[in-house]
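[1] Show me the folded form of this:
(2 chains)
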Protein chains: 2
Amino acid sequence: MRVSELGEFGLIALLEREIGITPAFPRGARPGLLVDIGDDALVTAPRTGAGIWTTDTLVEGVHLLEGRSPWRKVGWKALAVNVSDIAAMGGQPDWALVTLCLPETFCVEDVLELYRGLREGANVFGVTVAGGDVVRAPVFSVTVALSGSVPVGPGGEVALLRRDAAKPGDAIAVTGTLGDAAAGLLALKAGDVKSDAEARLVAAQERPLPRIEAGRRAVAAGVRCGMDISDGLVQDLGHIVEMSQVSARIEAAKVPLSPDLRQVFHEEALDLALTGGEDYQLLLCAPRPLFERLIAEGLDLTIVGDIAAGPAEVGVVGPDGRVQTYGRGGWDHFREP
Amino acid sequence: MRVSELGEFGLIALLEREIGITPAFPRGARPGLLVDIGDDALVTAPRTGAGIWTTDTLVEGVHLLEGRSPWRKVGWKALAVNVSDIAAMGGQPDWALVTLCLPETFCVEDVLELYRGLREGANVFGVTVAGGDVVRAPVFSVTVALSGSVPVGPGGEVALLRRDAAKPGDAIAVTGTLGDAAAGLLALKAGDVKSDAEARLVAAQERPLPRIEAGRRAVAAGVRCGMDISDGLVQDLGHIVEMSQVSARIEAAKVPLSPDLRQVFHEEALDLALTGGEDYQLLLCAPRPLFERLIAEGLDLTIVGDIAAGPAEVGVVGPDGRVQTYGRGGWDHFREP
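    So this is what the prediction gives:
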């Protein structure tokens, strides 16, 4: 059935059931939600922490491979990319508003699949999809606006992972492994997924797991500089060096690669890990002993380089010992170490 | 210049200057904003009230007359429709996230005009446009996600304007005058705006003024049922009667019409006031003495009807004394009063 046959109110009623907000008005059905979908706006109980806010949009044909990504995974990912921004501040996400722009010919079953993916993600990430908007538009897009919070200390201090807080002498660390999501995108574009390893790389692309818990543990341990890796390690580290006015050096040999990535993309593995985006792992800068303690406590963290005083550049020490640097203008030159 | 020539980062830098967030990182430049645009997410100081949340999207060709509405007014309106949802709960808006979906051929000057309109609205409404997203898309749209708050009483009670709180015996009141915005849309569609009266009706359509202060005063006075009038008095009252499980009767002769509306649309004035949308006035239900006190205190409120027990229908007593009723299926029959 097309959404135009069901109509806006019919679709919203269906989504309310699907997303578990049914009927609209038994008050207090969801903890903390004082006024649910159906009124002019949502109302939530007061909370104590500082507020965190982000929004991100996926547009078909721009951010989504047309017809290539199952709608359930689009729903998951639309939420996950926003959750990752909250995780990247060291926060805990809470309320999401979802805006769907739908062509009239869009299939109702596809909307339901998308919402199933949103709901799956919401359950895993501890988020409540509290409401939103359904709008007619010529092209499909999904926009999520997400809020979250971080605790406030007794003196009013707010501990966060910021991009402008890297200091000379800090080590650089990343969570998980890098390059898997970019490899998954290559596998998807190439067509048939042939092996279990390829399937896991595709899953890393389509079903990213934002590092909420890792972000909170890092902040609790005293880490104060970090962001999520959405555009690739080198490019994202470029934001940190620019905003912190420091220089960074990565040792390529230390960048964590998954066995799947090594197996499927042997030659390109390192390049994918350095420049491939959408892993949604965390990139952190802090004194080395903090990282060593977190690693000893079992966090899947790898130290990959160091921060120094100097121009806002990212240098990568390659397998051959030569340093490739990346600055404002992109990769710009080679030089001896 | 086209946005594709400026690029995403160039455009964001320009918007930051335009919207007054420049440079990105002198911390604490705006009260309550702990982390500004440029990091993964925005961080705001803790607040004491309950949270209010809403989002609304305008799509070119669907919600906007193509090429007919100046971009500055599109910016104002994109914010105003969201502010009105917060006002309709009796709350105060605070932080806005703005997502722009832009075709590559979109003119930079038009984006700036849109942001000037957003900024004008933000100043008037007491809102901070704290950040958002700029996305490439085949069709223009603007999505605003807006938060706000309402105070919490000493016992944890939250006083709100809800749609499900109308009670038999309540009077029905509206703020301001109705039908002006719908009349303005007719004038716009007809082409040349010929008179000052028509220009004021067009302004009501393009530059609505959400009733934040009226909503807060109503709540403070004890009013607990209300919403904003975005789809027209009769249709919106239909939501209240359905969610409150009551019946409503409006006296057409009491519906407040502006002199401009009477002058320009003499014959259609009442119909525009009853069914025309986008006035963004407030529709309130409460015991009559509460309204009489608010009116005595100078609030531009008009009592237009009454709530009674009975089926969830809206009846309109016409100038001829006959009652026209409006229920689930729309206008359905005429009957004697």
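[2] and the residue in chain A that chain B sits nearest to, helix, strand or coil?
    Closest contact between chain A and chain B, by C-beta to the nearest C-beta, is at A:A145 (3.3 Å). Where C-beta positions appear, they are placed from N, C-alpha and C, glycine not excepted. Three-state call for A:A145 (DSSP: H, G, I helix; E, B strand; the rest coil): strand.
[3] All the helices of the stretch 51-200 of chain A, in order from the start?
    Using DSSP state H, counting those that start in this stretch, the helices of the stretch 51-200 of chain A run over A:71-87, A:108-125, A:180-190, A:196-206.
[4] related to what we said a few turns ago, and the closest residue to the residue of chain A closest to chain B other than its chain neighbours, bridged to which residues?
    Closest residue in space to A:A145, ignoring its immediate chain neighbours: B:A145 at 3.3 Å, by C-beta to C-beta, 6 or more residues apart in numbering or on different chains. B:A145 has these beta-bridge partners by DSSP bridges: B:T55, B:L97.
[5] Just the residues contacting stretch A:273-280, thanks.
    A:80-81, A:84, A:176-183, A:185, A:204-205, A:208-211, A:228-235, A:250, A:252, A:255-257, A:261, A:316 (C-beta atoms under 8 Å, 6 or more residues apart in numbering or on different chains).
[6] Can you narrow those down to the ones near chain B?
    Among those, the ones lying near chain B by C-beta under 8 Å from any C-beta of the partner chain are A:84, A:228.
[7] ok, now which ones touch the residue nearest to A:A145?
    So B:A145 contacts A:55, A:97, A:143, A:145, B:53-55, B:82, B:96-97, B:99 (C-beta under 8 Å, 6+ apart).
[8] got the CA coordinates for stretch A:50-62 in CSV?
    Provided in CSV are the C-alpha atoms of stretch A:50-62 (Å, rounded to 0.1, in the frame of the first residue of the first chain):
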residue,chain,number,x,y,z
ALA,A,50,23.3,19.5,31.3
GLY,A,51,21.5,19.1,28.0
ILE,A,52,23.1,17.7,24.8
TRP,A,53,21.5,18.3,21.4
THR,A,54,22.2,17.1,17.9
THR,A,55,20.4,16.5,14.6
ASP,A,56,21.3,14.6,11.4
THR,A,57,19.5,13.9,8.2
LEU,A,58,19.8,11.0,5.7
VAL,A,59,18.6,11.9,2.1
GLU,A,60,17.9,9.2,-0.5
GLY,A,61,20.4,9.4,-3.3
VAL,A,62,22.7,11.6,-1.2
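[9] Next, the buried residues of it.
    Judged by neighbour count using 16 or more other C-beta atoms under 10 Å in any protein chain shown, the buried positions of stretch A:50-62 are A:50-60.
[10] Make CSV out of those and add distance to A:M89 and pLDDT.
    Below are the buried residues of stretch A:50-62 laid out as CSV (distance: C-beta to C-beta, whole Å; pLDDT from 0 to 100):
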residue, distance to A:M89, pLDDT
A:A50, 10, 94
A:G51, 11, 94
A:I52, 5, 95
A:W53, 10, 94
A:T54, 9, 95
A:T55, 14, 95
A:D56, 14, 94
A:T57, 20, 93
A:L58, 21, 92
A:V59, 25, 91
A:E60, 29, 88
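[11] Spell out which residues of the stretch 201-337 of chain A are next to chain B.
    A:227-228, A:243.
[12] what's the spacing between A:P319 and A:K254?
    Separation of A:P319 from A:K254 (C-beta to C-beta, to the nearest Å) stands at 11 Å.
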